[in-house]
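Visitor: Could you look at this predicted model? Sequence included:
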Amino acid sequence: MGEMAVDAIALGPNGPTVSPLGIGTWAWGDKFFWSYGNDYGADQVREAFNATIESGLSFFDTAEVYGLGESERLLGQFMQQTDKPVQIATKFFPLPWRFNAQSVSDALTASLERLQVSQVALYQVHQPFDFLLGKRILMNALADEVQQGRIATVGVSNYSAEQMRQAHRYLAARGVPLAVNQVRYSLLTRHIESNGILDTARELGITILAYSPLAQGLLTGKYTVESARSGQGQSLQGARRLDPRFNPNGLEKIAPVIRALQEIGAAYDRTPAQVALNWLLAQGNVIPIPGAKNAEQARQNAGALGWSLSTSDVERLDQLTQAWK
């Protein structure tokens, strides 16, 4: 696939514009949850980075805790090897011993050094833990960094509707919008539609970054009841081994969804994964950030763009997945 023009989407009300689909880089350098260094390594993720850029996408989501900084380091190296503009979202983890504004500044400094940049497009709070820091101090520290120019926009991750409102209020008092809430969202994880997160985001102009948009790979169709029963399918790694959705009973529940994705995909000459990502794009103001451990997965992700599901196909998938709301 050659480079294609993709419509940009803004992060929050007045934030920088990024490609409408990003790449999540949790698996880059992570040996604890993923098998980095065994099944794939730096060469494969470099190829994933290059294939993403060649596909016209330029938005990468990482975090200081991914591979204990290795994900950021790898991205920093890869960015030095391209002349194309790249936009980075990374995250601050509110560890218990981080109890003042200086700890936010220090964590950001370390992330910027690993990434070899002077500013990131988006800096997110990884989890809604307060510990000793407190939300007001945290949001004020982030607003300081916006004013100093080290981050373009502020985001949160895994925040409830009420936690979003509170963060939004603290930032608004400083004249800084809350741009993003990064949450788990896919056809098989639709809770944000029923617990107020999506409605609140729309009301406040907050962009949703959808992580795990392929439900850890379940929506690709490569995990089947038959292969799970025979033990001949994909060998499960990391977090998937503990996820009941990957056992035969779990896979049986989602089989009708996978069949629909396959049927719809055939009509558009697209894969089930591309259909699942396109469904998220159809929700509006949602940026899916699927992972990519190699060039093929990166190209597959990019194939979710440049076309649109019909209204009836969007509704069919909506009806089929009501149980996951």
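Guide: Alright, I've got the coordinates.
Visitor: Run through the stretch 151-300 of the chain and note the low-pLDDT ranges.
Guide: For the stretch 151-300 of the chain, residues meeting the criterion pLDDT under 70 lie at 228-242.
Visitor: Count the neighbours of residue 85 for me.
Guide: 8 (other CB atoms under 10 Å). From N, CA and C alone the C-beta is placed, and that goes for glycine too.
Visitor: mind checking the SS state of it?
Guide: When classified by DSSP: H, G, I helix; E, B strand; the rest coil, residue 85 comes out as coil.
Visitor: Apart from its neighbours in sequence, what residue is nearest it?
Guide: Of all residues not flanking residue 85 in the chain, residue 58 sits nearest, at 5.9 Å (CB to CB, 6 or more residues apart in numbering).
Visitor: now do residue 174
Guide: Setting aside the residues directly before and after it, residue 174 is nearest to residue 143 in space (CB to CB, 6+ apart), at 3.8 Å.
Visitor: go on, residue 151?
Guide: Once flanking residues are discounted, residue 151 sits nearest to residue 123: 4.0 Å by CB to CB, 6+ apart.
Visitor: Report whether the expected contact of the one you found with residue 141 is present.
Guide: No. Counting by CB atoms under 8 Å, residue 123 sits too far from residue 141 to count as a contact (10.3 Å).
Visitor: and the residue nearest to residue 174, how many neighbours does it have?
Guide: Number of residues near residue 143 (other CB under 10 Å) recorded here: 19.
Visitor: cool, and the one 4 residues further on?
Guide: Residue 147: 12 surrounding residues under other CB under 10 Å.
Visitor: Same check on residue 33?
Guide: Residue 33 has 14 neighbouring residues, counting by other CB under 10 Å.
Visitor: And the strands in the stretch 101-250 of the chain?
Guide: Listed in chain order, the strands of the stretch 101-250 of the chain (DSSP state E, counting those that start in this stretch) span 120-125, 151-157, 178-184, 207-211.
Visitor: So, low pLDDT: which residues of the stretch 1-150 of the chain?
Guide: The model of the stretch 1-150 of the chain has pLDDT under 70 over residues 1-6.
Visitor: so which of the strands of the stretch 101-250 of the chain gets nearest residue 103?
Guide: Proximity to residue 103, assessed across the strands of the stretch 101-250 of the chain by CB to CB, is greatest for strand 120-125 (12.3 Å).
Visitor: any residues touching that closest one, and which ones?
Guide: Around strand 120-125, the neighbours that count as contacts under CB atoms under 8 Å, 6 or more residues apart in numbering are 11, 15-16, 18, 59, 63, 87-92, 94, 108, 111-112, 138, 142, 145, 150-157, 159, 167, 179-180, 182.
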